[in-house]
Each structure stands twice: as structure tokens, then as C-alpha cells.
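Visitor: quick one: sequence and predicted model below, then my questions.
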Amino acid sequence: QLQLVESGGGLVQPGGSLRLSCAASGATLDAYAIGWFRQAPGKERERVSCITSGGVTTYADFVKGRFTIFRNNNENTAYLQMNSLKPEDTAVYYCGRGRNFLSCATPAYWGQGTQVTVSS
């Protein structure tokens, strides 16, 4: 059974950076798309970024130019590098494994989430 564990969240000042990790165990990620999502208090969960098994990336408009998604299949881990963080980026961040090599929609597996708080 695949398990995903996020890490790397924390408290950071506006303009700062964090790198989130999504480590998989129990199965490999290399044949699947991986997505990062976030959910702020009182809001719906929203997709932040997706990377296909082939490395094609997509980003939500609100993070374009600031966040970078990448994966290391040797480590069975996906990452989200977050730069120029804003207070509105505050949320619980989740990774999800897609149902195929291309799509991050409706992930089949979720991690438990990691809190990111951007505040001075």
C-alpha cells in the first residue's frame, strides 16, 4: 500500500522560501503524475502544481514564477520549491499521486499534509 509523507513546512517570513518534500513508500511513483495541493482555513482544497511521469509541469496562476515542482524517481520523492512566499500562501499543503502518468486530478493517494505559514 502506497504511503505519502510530506515534510518541510513551517513558519517563514514574507519573501522567504521553503522546500516541501513528498516521500513515498510501499510503491514507486515513477509511473504516475504527482500533484501538490493546498487548503487554507475555510477554503476549498486547490491544486498548486502537477508533474507528469515524464516531467511535464503545470502551475496554478497564483504560484507561477514563484514555485517549482520536481521529482527524483531514484529517491521516490517529489518536491515543491516555494520562493517569494506571500501571506496568502498560508495553508496546509498536500501531495497526491495521480491515477495515471498524466493527470493529477482526483488523486488516488494523499499524504497527511504539512502546514505552511507565511507571516512576519
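Guide: Nice, I can see it. Numbering: from 1, shown residues only.

Visitor: spit out the contact partners of the closest residue in space to C22 that isn't next to it in sequence.
Guide: On the basis of CB to CB, 6 or more residues apart in numbering, the spatially nearest residue to C22 that is not a chain neighbour turns out to be C95, at 3.4 Å. (C-beta placed from N, C-alpha, C; glycine too.) Taking CB atoms under 8 Å, 6 or more residues apart in numbering, we find C95 in contact with L4, E6, L20, C22, I34, G35, W36, F37, A78, L80, W110, G111.

Visitor: among those, name the buried ones.
Guide: Neighbour counting over the contacts of C95 (16 or more other CB atoms under 10 Å) leaves L4, E6, L20, C22, I34, G35, W36, F37, A78, L80, G111 as the buried ones.

Visitor: so which strand or helix has the first one?
Guide: Spelled out, it's L4. Under the assignment given by DSSP states H and E, the secondary-structure element containing L4 is strand 3-7.
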